[in-house]
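Trainee: Can you look at this prediction? I've put the sequence above it.
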Amino acid sequence: MNIRRSAAALAASAVLCAGAAPAALAAPAAPASPAAPAPSASTPPVIPSGLYGKNDPTYDGVWRQSVALLAQHTVGVKPAKEAVAWLAGQQCANGGFASFRADAAAACDATAMYDTNATAMAVQALKTLGGQDAAVKKSVDWLKSVQNEDGGWAFVPGSPSDANSTAVVVSALGVAGEEPAAVKSKAGKSAYEGLLVFQLGCSAQPPSDGGAFAYQPADGKLLPNADATAAATLAALGKGAVVAPAAKDTPAGPSNCPTAAEPEAAGQAGAGYLAEALKKGGDHLMAVTPGSDQPTPDTGNTVDAVIALAAAGHKQSAAGALEWLKGNSAEWAKGSPAALGTLVLAAHATGTDPKAFGGTDLVAALNATGPAPQAAGTAEPNGTKSNSGDDKKTDSDDQNIWWMIGAGAAAGAGIGILLSGRRKKNQL
């Protein structure tokens, strides 16, 4: 869930800065533009005191903050007041969020690059933390206002829908108490309809691809994308980023022919595809990285797959990948609030101790990336008191490696593109 932002966000920034129409972002075969702005080595970015992470927040500030706060809350850590205030302060007056606003005191104008994915993740964080109902409602209303006619969402409002953006918005709607089936576009298409149109069905070739989701159609075809599948599986199952361990545990069944009108069946089919993909990769997913024509281990999407399988009630099918992550995620997650936070969420979803994750205390490592959490029993940002970090549990309870995948190469390898406006591949 934290792994799709770099290529799409950079590409979106480059397109908008060039004055091109947002529709130009629809072509999934286009690699991220090398002209996208990057922080200068001689002028390191100024990191706000309330923000988690030390790397440039331009493309993932709101995303990584939201993931970090969700992870802390989930394990009973009370986030720093300034951290919550920073996130809430990033909201524009209309309810939308940009990926990052260096000057949150300045009003969002017509040049603001709104980010549906950042908005959706902020909704999940603010709703889960509590005391932010007005801000959550405003963001939900904004998300509804930028729903495409097909029922889905794009990273940049006005662009064609993609599975990843649609999935994270659908998850956010559920966390906020909305019913995605009732959230409909002006053309009468529901949020679920906008999501399930990206799923490969009975005609998939090979048949094992049935149940997978594509990011967007490529030359009119749907190509399986593990990244999109993990996100869409969560959304179809009515889950958000925080997944409570399932009471029952069964192995995932084979991917099959889901019924488009049944989100639950679609989610289970997506889980089946992910389980098979993990087996084929040796308990982890694979991806083609820049500068190589050979697939390499994809840690970020493997974390997401574990969370999705746990949400579907298939901890057994995620067990091998969870063990692989314990031994292979430390360097990937080092210093990254989004990566560490997502690992914490994976541990929580599988009933694993995040403080002893392959020899790493994920919670301590996450806390060290930003302002120190509040001590137990101190006032929350909304003025309430608590003697335990568990008092607000609810059911909704990048390391700087930019993975700009060439979509043509990824599709040719059968992996699909790792692009989305929603999440950064190896997050800051």
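Mentor: Received, thanks.

Trainee: Name the nearest residue to Gly240, sequence neighbours excluded.
Mentor: Counting by C-beta to C-beta, 6 or more residues apart in numbering, Val175 is the residue found nearest to Gly240 once chain neighbours are left out, at 4.0 Å. C-betas here are computed from N, CA, C, even on glycine.

Trainee: All the helices of the stretch 301-428 of the chain, residue numbers only.
Mentor: 315-328, 330-333, 337-350, 362-367, 407-412 (DSSP state H, counting those that start in this stretch).

Trainee: what's the most buried one of these?
Mentor: Across the helices of the stretch 301-428 of the chain, the average number of neighbours (mean count of other C-beta atoms under 10 Å) peaks for helix 337-350, which reaches a mean of 29.

Trainee: Tell me which other helices or strands that helix touches.
Mentor: Here helix 337-350 touches helix 61-74, helix 299-311, helix 315-328, helix 330-333, helix 362-367, going by 3 or more C-beta pairs under 8 Å, 6 or more residues apart in numbering; DSSP states H and E.

Trainee: Save those helices as TSV, and put in mean pLDDT too.
Mentor: Output for the helices and strands packed on helix 337-350, formatted as TSV (pLDDT from 0 to 100):
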stretch	mean pLDDT
helix 61-74	98
helix 299-311	98
helix 315-328	97
helix 330-333	97
helix 362-367	98
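
Trainee: Would you tell me which of the helices of the stretch 301-428 of the chain gets closest to Pro206?
Mentor: Proximity to Pro206, assessed across these by C-beta to C-beta, is greatest for helix 407-412 (14.9 Å).

Trainee: pLDDT score for Ile401?
Mentor: For Ile401, the pLDDT comes out at 31.

Trainee: pLDDT wise, what is the closest residue in space to Val183 that isn't next to it in sequence at?
Mentor: The shortest distance from Val183 to any non-neighbouring residue, by C-beta to C-beta, 6+ apart, is to Ala191 (4.5 Å). pLDDT, Ala191: 98.

Trainee: Equivalent analysis for the one 10 residues further on, please.
Mentor: Per-residue confidence at Gly201 stands at 86 (pLDDT).

Trainee: Report the separation between it and Ala244.
Mentor: Distance of Gly201 to Ala244, given as C-beta to C-beta, to the nearest Å: 30 Å.

Trainee: Lys280 too?
Mentor: Lys280 is 29 Å from Ala244, by C-beta to C-beta.

Trainee: quick one, what contacts Ala228?
Mentor: Contacts for Ala228 (C-beta atoms under 8 Å, 6 or more residues apart in numbering) come out as 162-164, 167, 198, 213-215, 416, 420.

Trainee: Pull out the buried positions in stretch 146-165.
Mentor: 146-148, 151-157, 159-165 (16 or more other C-beta atoms under 10 Å).

Trainee: give the contact list for the residue nearest to Val183.
Mentor: 147, 151-152, 166, 169-170, 173, 180-181, 183-184.

Trainee: Please, a PyMOL command that selects the buried ones among these?
Mentor: Selection of buried members from the contacts of Ala191 for PyMOL, criterion 16+ other C-beta under 10 Å:
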select buried, resi 147+151+152+166+169+170+173+180+183+184
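
Trainee: Appreciated, that's everything.
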